[in-house]
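>>> pasting the structure only:
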């Protein structure tokens, strides 16, 4: 196009002949995509004696404001397997699933805070695996327990039952009941 009007009639798709020859490039069939990995199943809380001990010290550290940010998250996501004393140092064997939370910076902050709380040297050893008893899982289990209890109280309330019998389409909206 040079900016000058053309005297030729505009072309349409009907003006083109289909190519009946061999294709110039091979036709490639679509390849099936590999399935994406599924989200890992959420951890289920399995209470243990060591988990209760770890939860207690983490709650004390949190209450004292001794840990924060990623260090706090590392402690909340840790599953304690065992504690033993070796050469005067308490060695805590932990599972922390996320690599980022096992970084030396977070580990050192929690170790130092725990050493200060317990008044003795502390060292962490990490193992791989799935954490099933962490302070975070304990807190979630408690929230779920309290939520179920609140919903049960509402469902068993005589006034609510009377209203539901009176109004046949009445129902308790899921998620509308909150515990205090």
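All right, it came through fine. Computed from a predicted structure; not experimentally measured.

>>> so what does residue 133 have for phi and psi?
phi -140, psi 80 (degrees, to the nearest 10).

>>> grab the nearest non-local neighbour of it.
residue 51 (3.1 Å; CB to CB, 6 or more residues apart in numbering). C-beta here means a position set from N, CA and C on the backbone, and glycine is covered the same way.

>>> hmm, residue 141 and that neighbour touching each other?
No: if you go by CB atoms under 8 Å, residue 51 and residue 141 don't touch, sitting 11.0 Å apart.

>>> which one's more surrounded, these two?
residue 51 (22 against 15; other CB atoms under 10 Å).

>>> who does the helix or strand where that one lies touch, helix- and strand-wise?
Taking DSSP states H and E as the definition, residue 51 sits inside helix 49-64. When contacts are defined as 3 or more CB pairs under 8 Å, 6 or more residues apart in numbering; DSSP states H and E, helix 49-64 sits against helix 69-76, strand 79-86, helix 104-118, helix 135-156.

>>> show me what secondary structure element comes after the third one.
Next helix or strand after helix 104-118 toward the C-terminus (DSSP H and E): strand 122-127.

>>> paired strands for that following strand, with orientation please.
Within its sheet, strand 122-127 is paired with strand 89-95 (parallel), according to DSSP bridges.

>>> so which of the helices and strands packed on helix 49-64 is the most surrounded?
helix 69-76 (a mean of 20; mean count of other CB atoms under 10 Å).

>>> and residue 133, what does it touch?
Contact analysis of residue 133 by CB atoms under 8 Å, 6 or more residues apart in numbering lists 45, 46, 47, 48, 50, 51, 54, 79, 80.

>>> turn those into a markdown table, including pLDDT and distance to residue 155.
Shown next, in a markdown table, are those (pLDDT from 0 to 100; distance: CB to CB, whole Å):
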| residue | pLDDT | distance to residue 155 |
| --- | --- | --- |
| 45 | 86 | 24 |
| 46 | 89 | 28 |
| 47 | 92 | 27 |
| 48 | 95 | 32 |
| 50 | 97 | 37 |
| 51 | 97 | 31 |
| 54 | 98 | 35 |
| 79 | 97 | 34 |
| 80 | 98 | 37 |
